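Visitor: Sequence first, then the predicted structure:
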Amino acid sequence: MTLRKTKIVATLGPASSSEEVINRMAEAGVDLVRLNFSHGTAQDHIDRATLVRDIAARHRRPIGVLCDLQGPKIRIGKFENGKIQLAVGDKFILDAECKLGNQERVGLDYKTLPSEVEPGAVLLLDDGRIVMTVDAVHGQEVHCTITIGGDLSNNKGINRQGGGLAAEALTEKDKEDIKTAVALDADYVAISFPRSGADVQYARDLVRAAGGHAGIIAKVERAEAITALEEIIDASDAIMVARGDLGVEVGDAAVPGLQKRMIRMARARNKLVITATQMMESMITNPIPTRAEVSDVANAVLDGTDAVMLSAESAAGKYPVEAILAMHRVCLEAEKDYDSQNLKPRVNKEFLRIDESIAMAAVHVAQHLKVKAIAAMTESGTAVMWLSRANTLVPIYALASKKETRRKLTLFRGVYPFPFAQSTNDRDKILLDAEDELRNRGAVKNGDLILLTIGEPIGISGGTNTLKIVKVGEHRKS
């Protein structure tokens, strides 16, 4: 399969939990799987992660595991008959004390809603399909008038237009789920609805306290998060442009511009970014995407996203493998235009770190020599991040001894991790072994020029300080 720079994240669910389907997903090129903790038991997630890693081992490449926490449940309760129909102009009550809803009122899972809204506030239910304006608040009752009607069924979500609901980013369930994520050795943990960098840091502290090493992904889906973007990005390892709830809170028309802004900001701060939500929504029921969905995925690639994500398409749809293959071919085509537009050397930038300088030097050399590959010996993946943030046509192979590092690197745009055991502290021997590893995997052949980066002293994390240009096979000649 042709090397694709943009990574694909696919959500596992009822349609994609069997060994046969996950194996086909791996063959199709999935890079990470997402375990959605809004559904399923802890054991379900542990079993799926184990199966994914067994299959990844068969394919001789890592597949990352992303655990996505549910976050606060800002939802209505249930109805006597499962659902009702609301018309424009109808009066309706959101009642924190109601046990079972009817045509006039429904209960709330989010009991503090009456204290957080006031007359004139606009509430959006079921991802904005139902809209109501608050007329008055009486005790535990929020009295509303319907402005956009339709069917309303059990447990639908509630957003406030413009944001402003005070729900904590991490619930008690999330704190327990973090322990499960650590138990299954998650590579990334995604935090739903963070409002600040402190929310992200709190999640990181909980992961570390539980003994985990997972990277922290902040899902940007609250209006409040937009005003705190810089601190949220700085506190995270990656962000997710979670366009569903975000679009409901800030308005759908604002989302495309925000997506571009978030991707630019994340890349400028050397952080990763995933673009998500409804990317190929029609493939839940259709074997091919719409042209609009193709353009959506391609535009995310052209924006510079590290990864694109499938949600219900792969979790519950009829065509989970076909959705991955569709994303794969769209990403490949879009990357041609991205590369032609973005191969600009960062000649005016001052580098503050040695490993960043080495990475930028490697990219600069690769643009002026006919280099086949850049190979980075890495412990932590830090130097590879610099390579990934630069724009180069040359594939970046990360040779890492730690499986945790290799799995985290599955999210890095343009980076392909290999296992590589350093059996010696002899730099020249290590570089020859790295050359052999690339050749044995078919990445290069004798006579190719490659760039090798390594740190000395050998085995020290974050110490990349050497760049070497090598012709493959030259030093193996007798």
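Guide: Perfect, I can see it now.

Visitor: Show me where the stretch 301-450 of the chain has its helices.
Guide: In the stretch 301-450 of the chain, the segments counted as helices under DSSP state H, counting those that start in this stretch are 312-315, 320-342, 354-368, 382-389, 403-408, 427-440.

Visitor: so what does the shortest one touch, helix or strand wise?
Guide: Spelled out, that is helix 312-315. Under the contact definition 3 or more Cβ pairs under 8 Å, 6 or more residues apart in numbering; DSSP states H and E, helix 312-315 sits against strand 7-12, helix 320-342. All C-beta atoms are positioned from the backbone trio N, CA, C, and that covers glycine.

Visitor: if we compare the ones you listed, which one ends up closest to Asn299?
Guide: Smallest distance to Asn299 across these (Cβ to Cβ): 7.8 Å, for helix 320-342.

Visitor: What lies in contact with the closest one?
Guide: By Cβ atoms under 8 Å, 6 or more residues apart in numbering, the surrounding residues in contact with helix 320-342 are 1-2, 4-6, 8, 10, 15-16, 21, 24-25, 28-30, 279-280, 283, 287-289, 294, 297-299, 301-302, 304, 308, 310, 313-314, 317, 391, 393.

Visitor: Show only the entries of these found in strands.
Guide: Ile8, Ala10, Val308, Leu310 (DSSP state E).

Visitor: in this structure, which ranges drop under the pLDDT threshold?
Guide: 1, 339-349, 423-424, 457-462, 475-478 (pLDDT under 70).

Visitor: show me the contacts for the most centrally placed residue in it.
Guide: Central residue of the chain (Cα atoms, centre = their mean): Ile274, 3.9 Å from the mean position. Applying Cβ under 8 Å, 6+ apart, we find Ile274 in contact with Val9, Ile217, Ala238, Ile239, Met240, Val241, Thr305, Asp306, Ala307, Val308, Met309, Leu411.

Visitor: Okay, and the beta partners of the fourth one?
Guide: Partner residues in beta bridges with Ile239: Ala218, Val273, with DSSP bridges as the criterion.

Visitor: buried sites along stretch 233-247?
Guide: Applying a neighbour-count criterion of 16 or more other Cβ atoms under 10 Å, one finds 233, 235-247 buried in stretch 233-247.

Visitor: Same question for stretch 47-66.
Guide: With burial defined by 16+ other Cβ under 10 Å, the residues of stretch 47-66 counted as buried are 48-49, 51-53, 55-56, 61-66.

Visitor: Please apply the same query to stretch 440-457.
Guide: Using 16+ other Cβ under 10 Å as the test for burial, stretch 440-457 gives Ala443, Val444, Asp448, Leu449, Ile450, Leu451, Leu452, Thr453, Ile454, Gly455.

Visitor: With stretch 395-409 instead?
Guide: When neighbours are counted by 16+ other Cβ under 10 Å, the buried residues of stretch 395-409 are found to be 395-400, 402, 404-409.

Visitor: next one: that stretch to chain centre, how far?
Guide: Relative to its chain's centre, stretch 395-409 lies at 18 Å (Cα atoms, centre = their mean, to the nearest Å).
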